[in-house]
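S.K.: Provided below for reference: sequence and predicted model.
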Amino acid sequence: MIMGERKTPAGRRGSIMYLPIFQEKAGVKAFFTTRRAAPEGTPFDSGSFWELAEAGGRVAVRPEQVHESRVEILRKQDLRRAQPAADFSTPADQQGAESRPPLQLRLPATDGVATDCSRFLLTTVHADCLPVYLYAQRARAVALVHAGWRGARAGIAPKAVRLLQEAFGAGPDEIAAAIGPGIGRCCFEVGPEVRQAFLEQWAFTDEFAVPVEPGNLRGKFMMDLKGINRRQLESAGVKDIWVSELCTCCRPDLFHSYRRQQGTKARMVAGICLE
């Protein structure tokens with residue numbers, strides 16, 4: 001099984017994929033939405049997402065992603081910072097019913113979040129960049145990061161591993177990691193400047209950057225971001241790692257892709273929470 005598809009609370013089949021590595025573990029839930037959840041925007045625009053977020057009385061955490069490496073730690077007391085979701089729209093089948101907007105917590109200039117509070121639903125949005133999910137079972141803590149090429153170059157995934165250890169006492173040996181759907185090496189062509197930027201930080205880069213053609217006359221490379229993130233997690237001591245085989249650029253039936261669509265504002269959402 002690659003990923004498990006289920007219905008959303010509103011019944012849209014195939015709009016949410018649950019990650020197998022976490023389905024096999026107690027105390028956590030993690031998912032990735034497909035484009036069916038929001039054909040033209042993000043699932044934050046739909047009532048279905050907010051029903052899912054509120055299922056456990058949770059606050060949706062929404063970092064303002066800037067392709068850097070800041071990871072914020074949230075504690076239970078940070079729940080007081082939550083605000084009503086201004087962009088929430090009541091589902092059509094609930095129009096006229098008395099209801100209050102669900103709660104969210106917006107985080108400026110942030111690309112990752114970690115918490116030990118089960119009231120938070122951590123989220124990130126994607127249209128080719130990778131979501132990296134972390135779960136420390138004994139420490140009861142989770143993290144989620146947005147790892148595009150800039151974030152991966154800055155080592156945002158191993159940074160989140162270190163923060164789980166420093167903030168919650170989670171040893172790398174207890175952390176389970178998942179690298180979700182995102183652009184694969186099959187579609188991620190980069191110039192020599194991107195390869196060089198990685199080489200300056202990560203000596204293993206050329207294991208994951210293959211010349212496009214014999215002799216590489218154009219100086220282009222096909223880069224494996226999933227492989228790079230996996231190697232970074234391994235270097236941080238994480239051994240239990242699952243990697244999605246799904247390429248967002250290859251699968252227009254399932255995913256939005258910034259590269260395939262030559263720029264799009266539509267996004268999918270990754271999410272993880274403690275149960």
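M.R.: It's in.

S.K.: Any idea what the residue most central in space within the chain is bridged to?
M.R.: Residue closest to the mean C-alpha point of the chain, counted by C-alpha atoms, centre = their mean, is Pro131 at 2.5 Å. For Pro131, the beta-bridge partners are His146 (DSSP bridges).

S.K.: isn't it right next to Ala147, touching?
M.R.: Yes. Pro131 is within contact range of Ala147, at 7.3 Å (criterion: C-beta atoms under 8 Å). All C-beta spots, glycine's among them, are computed from the backbone N, C-alpha and C.

S.K.: Surely Arg230 is within a helix?
M.R.: Yes. Per DSSP: H, G, I helix; E, B strand; the rest coil, Arg230 lies within a helix segment.

S.K.: Ramachandran angles for the residue nearest to Val194 when sequence neighbours are not counted?
M.R.: What sits nearest to Val194 in space, not counting adjacent residues and going by C-beta to C-beta, 6 or more residues apart in numbering, is Trp149, at 6.2 Å. The phi and psi torsions at Trp149 (degrees, to the nearest 10) take the values phi -70, psi -30.

S.K.: cool, the one 3 residues further on as well?
M.R.: In this entry, Ala152 is assigned phi and psi values of phi -70, psi -40 (degrees, to the nearest 10).

S.K.: Surely it is in contact with Leu225?
M.R.: Yes. With contact defined as C-beta under 8 Å, Ala152 reaches Leu225; the gap is 5.8 Å.

S.K.: any shared contact partners between those two?
M.R.: Residues within reach of Ala152 and of Leu225 at once, by C-beta atoms under 8 Å, 6 or more residues apart in numbering, are Leu130.
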